[in-house]
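>>> quick check, what structure comes out for this input:
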Amino acid sequence: MEENKPNKLRICKFLRARNPYGMMEGGDNPWLLLDDANTICWCITSAGAVGPDNGLVSPVNCNKGRSCFVSQDADDMV
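The predicted structure is shown next:
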């Protein structure tokens, strides 16, 4: 059941998140906190809560169907 872990979700590599209570998860992406309603998300490409395509930034929205999506497996572009 590795596919159900938050770090294994197919989300954009430019999505970032922070929890006001600190970093609670570790692993490969300690910034990726998807389990709390208080988590704040932003896109490092647009530096805000709205992505380059003017859509809202969140783990639910920043996925393969979006025009600005970049796979986490893609080479570094920043």
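>>> quick one: residue 64 from residue 15, how far?
Taking Cβ to Cβ, to the nearest Å as the measure, residue 64 falls 13 Å from residue 15. In this view, the C-beta of every residue, glycine as well, is placed from N, C-alpha and C.
>>> which one's more surrounded, those two?
Ranked by neighbour count (other Cβ atoms under 10 Å), residue 64 and residue 15 place residue 15 first, with 26 against 9.
>>> who are the contact partners of the more buried one?
Applying Cβ atoms under 8 Å, 6 or more residues apart in numbering, we find residue 15 in contact with 32, 41, 42, 43, 44, 57, 59, 62.
>>> make a ChimeraX selection of the buried ones in these.
Per 16 or more other Cβ atoms under 10 Å, the buried members of these correspond to this ChimeraX selection:
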select :32,41,42,43,57,59,62
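>>> check pLDDT for the contacts of residue 15 and point me to the minimum.
Among the contacts of residue 15, residue 32 has the lowest pLDDT, at 59.
>>> hmm, back to that, among the contacts of residue 15, which two are most distant?
Across the contacts of residue 15, no pair lies farther apart than 44 and 59, at 14.5 Å, counting by Cβ to Cβ.
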